[in-house]
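Colleague: Okay, sequence plus prediction incoming.
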Amino acid sequence: MAREITPQEIETGDEMIARARRAMDEIADWDQDQVDRLARAIGWYCGNEKTFLEIAQMGVDESGIGDREGRGGKRFKILGVLRDALRQKSVGVIEEDPEKGLTKIGKPAGVIASLIPTTNPELTPPVTGIYAAKCKDAVIFSPHPRAKATTNRMVDVMRAACRKVGAPEDLFQCVATPSIPMTDYLMANCDLTLATGGKPMVKAAYSSGKPAFGVGAGNSTMVIDETADIEIAARNSRMSKTSDYGSGCSADGNLLIAEQIYDDMRAALEAEGGYLCNPEEKEQLAAALWDADGNRTINTVAVSAQTIAGIAGFEIPEDVKFLMVEQSQIGPEHKFSGEKLCVVMALYSFPDFDEAMRMVREIYEVGGKGHSCGIYSNDEDRILAHAKNAPVSRVMVRQPQSKANAGSFENGMPMTSSLGCGIWGGNITNENVHLKHYMNVTWVARPIPEDRPSDEELFGEFCGAEAV
């Protein structure tokens with residue numbers, strides 16, 4: 001039975017929200033230049049290499065999840081978010097369309113409850129903070145208990161950034177002792193919730209009675225056809241799969257490979273540090289990754305390939321970076337066709353492109369619907385066919401999935417750490433959650449010349465037909 005919130009937690013939550021509202025009042029009259037300066041300060045003090053690497057490694061040490069050496073690589077996301085934020089207006093008139101007589105005015109969303117996942121305790125706060133600062137919002141961060149010290153440390157840096165530019169520190173606050181009742185209380189009493197994390201967290205956000213942006217589960221599946229550059233596909237797959245030990249929902253989970261190039265692609269993956277498990281090792285691996293009830297085992301999430309193999313009961317060379325299993329079956333009972341959240345990927349072979357499209361649809365019925373997928377192909381017709389076929393919100397073309405679909409410097413996706421999965425994934429938006437989602441917008445409409453089509457234009461062949 002879930003415990004109820006304590007009076008002390010209610011008092012703490014109310015005080016944090018009151019302080020947040022006072023902080024917003026202090027910057028209510030700030031202009032675009034002032035909020036941009038605040039955003040830059042947050043970006044620098046949180047995203048400079050020394051500070052971010054230190055706190056990122058702290059996050060790995062505290063949670064026991066992720067790659068201590070590689071976690072700092074996520075720093076680029078702060079730089080990209082700042083780039084995107086600075087290129088957009090967020091105060092006063094943000095858009096004008098004289099032809100339609102429309103003017104749009106940006107206004108704060110309010111006090112935001114931001115739920116932080118254990119996989120990104122150092123990244124999500126400044127990403128959220130930059131966008132929130134641009135819109136004159138305040139944020140109360142509710143960290144994951146396994147990484148609460150890391151999130152609190154990063155929020156302390158954000159508060160210091162506020163001091164540097166004369167902004168109130170309480171624009172950013174962090175719960176010191178997180179709990180489910182406390183998080184629920186914040187979601188119910190703040191103006192907006194940003195829920196980046198697991199399914200229970202997102203469900204709670206949508207049940208809070210307040211607006212919420214949530215994310216969905218991933219199961220990124222890549223189609224690799226015979227026109228692909230095999231070396232690029234293998235390198236990108238390794239980069240995507242091994243980033244932070246596969247902790248992200250965007251990490252490649254399944255590779256669907258054209259049978260004409262299957263052997264060459266498998267060899268290229270092995271050259272990139274992949275280890276192909278034999279049938280016995282595959283069985284051992286399945287027993288290690290999922291418990292008797294079919295749930296993912298926590299001790300194998302986002303850890304090294306050597307750690308996973310050791311838990312499974314077999315040995316692999318020290319230079320192995322990720323594990324591979326050959327798979328033909330798809331379905332809830334075939335666990336390797338679902339999300340794995342570690343450095344394990346499933347390899348499938350397909351005889352023709354139509355069969356690959358069928359397999360994609362079947363895989364997303366297992367999990368990950370609405371999130372993302374990718375394709376390595378140089379056939380534009382196939383790329384579009386894949387995009388039309390896959391029930392996902394984003395398709396990356398010839399890119400390392402986990403480093404691309406939340407925005408990169410090599411594509412035009414908005415930079416974010418929160419990926420909406422649309423109605424497929426139980427979310428309110430398909431978009432990368434970015435600046436526009438942090439503000440209210442007032443539309444001003446002026447009179448324009450009448451824009452009324454004729455009946456013939458509207459009804460076409462049915463105009464004048466006998467009524468039924």
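Modeller: Looks like it came in fine.
Colleague: host element of Arg382?
Modeller: Element membership for Arg382 (DSSP states H and E) is helix 380-389.
Colleague: buried ones in the next helix or strand after that helix?
Modeller: Sequence order places strand 392-397 as the next helix or strand after helix 380-389, per DSSP H and E. For strand 392-397, a neighbour-count test (16 or more other Cβ atoms under 10 Å) marks 392-396 as buried. No exception for glycine: its C-beta is placed from N, CA and C like everyone else's.
Colleague: And stretch 331-339, by the same measure?
Modeller: For stretch 331-339, by 16+ other Cβ under 10 Å, it's 335-339.
Colleague: Of these, which is the nearest to Ala251?
Modeller: For the buried residues of stretch 331-339, the closest approach to Ala251 (Cβ to Cβ) belongs to Glu339, at 9.1 Å.
Colleague: Next one: that closest one, what pLDDT does it get?
Modeller: At Glu339, the pLDDT value in this model is 94.
Colleague: Excluding covalently adjacent residues, which one is nearest to it?
Modeller: Setting aside the residues directly before and after it, Glu339 is nearest to Asn219 in space (Cβ to Cβ, 6 or more residues apart in numbering), at 4.4 Å.
Colleague: so how far is Ala356 from the one you found?
Modeller: In this view, Asn219 and Ala356 are 16 Å apart by Cβ to Cβ, to the nearest Å.
Colleague: Now do the strands for the stretch 101-250 of the chain: every range, in order, please.
Modeller: Taking DSSP state E, counting those that start in this stretch to define them, one finds strands in the stretch 101-250 of the chain at 102-108, 111-115, 138-142, 172-174, 192-195, 212-214, 221-224.
Colleague: For the helix ranked longest in the chain, give the mean pLDDT please.
Modeller: Using DSSP state H to define each element, the chain has its longest helix at helix 7-26. Mean pLDDT, helix 7-26: 98.
Colleague: ok, and what's touching it?
Modeller: Helix 7-26 is contacted by residues 108, 110-111, 136-140, 167-171, 173, 175, 179, 181-182, 185-186, 189-190 when judged by Cβ atoms under 8 Å, 6 or more residues apart in numbering.
Colleague: what's the angle from the lowest-mean-pLDDT helix or strand in the chain to strand 138-142?
Modeller: Lowest by mean pLDDT, DSSP states H and E among the helices and strands of the chain is helix 199-206, with a mean of 79. Following axes from the mean of the first three to the mean of the last three Cα atoms, to 10 degrees, one obtains 140 degrees for the angle between helix 199-206 and strand 138-142.
Colleague: Buried residues in helix 199-206, which are they?
Modeller: Across helix 199-206, burial judged by 16+ other Cβ under 10 Å covers 201-202, 204-206.
Colleague: Output those in TSV, with distance to His386 appended to each entry.
Modeller: As requested, these are exported to TSV (distance: Cβ to Cβ, whole Å):
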residue	distance to His386
Met201	31
Val202	27
Ala204	34
Ala205	31
Tyr206	30
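Colleague: Which single one of these is nearest to Tyr376?
Modeller: Minimum distance to Tyr376 across these is 30.4 Å, recorded for Val202 (Cβ to Cβ).
Colleague: The closest one and Ser208 touch, don't they?
Modeller: No - the pair Val202 / Ser208 is not scored as a contact, 10.8 Å apart, by Cβ atoms under 8 Å.
Colleague: where does the stretch 1-150 of the chain dip in pLDDT?
Modeller: 1 (pLDDT under 70).
Colleague: Which secondary structure state does Glu355 sit in?
Modeller: The local conformation at Glu355, judged by DSSP: H, G, I helix; E, B strand; the rest coil, is helix.
Colleague: What score does it have for pLDDT?
Modeller: 98.
Colleague: For it, give me its contacts.
Modeller: Neighbour list for Glu355: empty [criterion: Cβ under 8 Å, 6+ apart].
Colleague: pLDDT of stretch 434-452, averaged?
Modeller: 97.
Colleague: end to end, how far does that stretch reach?
Modeller: End-to-end distance for stretch 434-452: 35 Å, by Cα to Cα, to the nearest Å.
Colleague: Show me the contact partners of it.
Modeller: Under the criterion Cβ under 8 Å, 6+ apart, residues 81, 84-85, 88, 90, 94, 99-109, 112, 131-132, 134-135, 137, 213, 414-416, 429, 431 lie in contact with stretch 434-452.
Colleague: hmm, try it at 7 Å
Modeller: 84-85, 88, 90, 100-109, 131-132, 134-135, 137, 213, 414-416 (Cβ atoms under 7 Å, 6 or more residues apart in numbering).
Colleague: Equivalent analysis for stretch 342-353, please.
Modeller: 225, 241-242, 245-246, 252-259, 262, 266, 285, 289, 300-303, 305, 308, 321-328, 336-337, 356, 359, 382.
Colleague: related to what we said a few turns ago, buried subset of the contacts of helix 7-26?
Modeller: 108, 110-111, 136-140, 167-171, 173, 175, 181-182, 185-186, 189-190.
Colleague: how about stretch 366-381 as CSV, C-alpha atoms only?
Modeller: Provided in CSV are the C-alpha atoms of stretch 366-381 (Å, rounded to 0.1, in the frame of the first residue of the first chain):
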residue,chain,number,x,y,z
VAL,A,366,5.9,-5.4,-29.0
GLY,A,367,7.1,-2.0,-27.7
GLY,A,368,8.4,1.4,-28.6
LYS,A,369,5.4,2.5,-30.6
GLY,A,370,5.5,6.3,-31.2
HIS,A,371,9.2,6.7,-30.3
SER,A,372,11.7,6.4,-33.1
CYS,A,373,13.4,4.3,-35.7
GLY,A,374,16.0,4.7,-38.4
ILE,A,375,17.2,3.5,-41.8
TYR,A,376,20.5,3.1,-43.6
SER,A,377,19.6,3.3,-47.3
ASN,A,378,20.5,5.4,-50.3
ASP,A,379,17.1,4.8,-51.9
GLU,A,380,14.8,7.8,-51.3
ASP,A,381,11.7,5.9,-52.2
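Colleague: and that stretch, which residues are buried?
Modeller: 366-377.
Colleague: can you redo these as a markdown table with secondary structure and distance to Cys162?
Modeller: Shown next, in a markdown table, are the buried residues of stretch 366-381 (DSSP: H, G, I helix; E, B strand; the rest coil; distance: Cβ to Cβ, whole Å):
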| residue | secondary structure | distance to Cys162 |
| --- | --- | --- |
| Val366 | helix | 45 |
| Gly367 | coil | 40 |
| Gly368 | coil | 38 |
| Lys369 | coil | 40 |
| Gly370 | strand | 36 |
| His371 | strand | 34 |
| Ser372 | strand | 34 |
| Cys373 | strand | 39 |
| Gly374 | strand | 39 |
| Ile375 | strand | 43 |
| Tyr376 | strand | 44 |
| Ser377 | coil | 47 |
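Colleague: now, which of those sits nearest Glu280?
Modeller: Val366 (24.3 Å).
Colleague: In contact with the closest one, which residues?
Modeller: 219, 330-332, 337-338.
Colleague: Can you classify Ile330 by secondary structure?
Modeller: Assignment for Ile330 (three-state DSSP): coil.
Colleague: pretty sure it is touching Arg361, no?
Modeller: No - contact criterion Cβ atoms under 7 Å: Ile330 and Arg361 do not qualify, at 9.7 Å.
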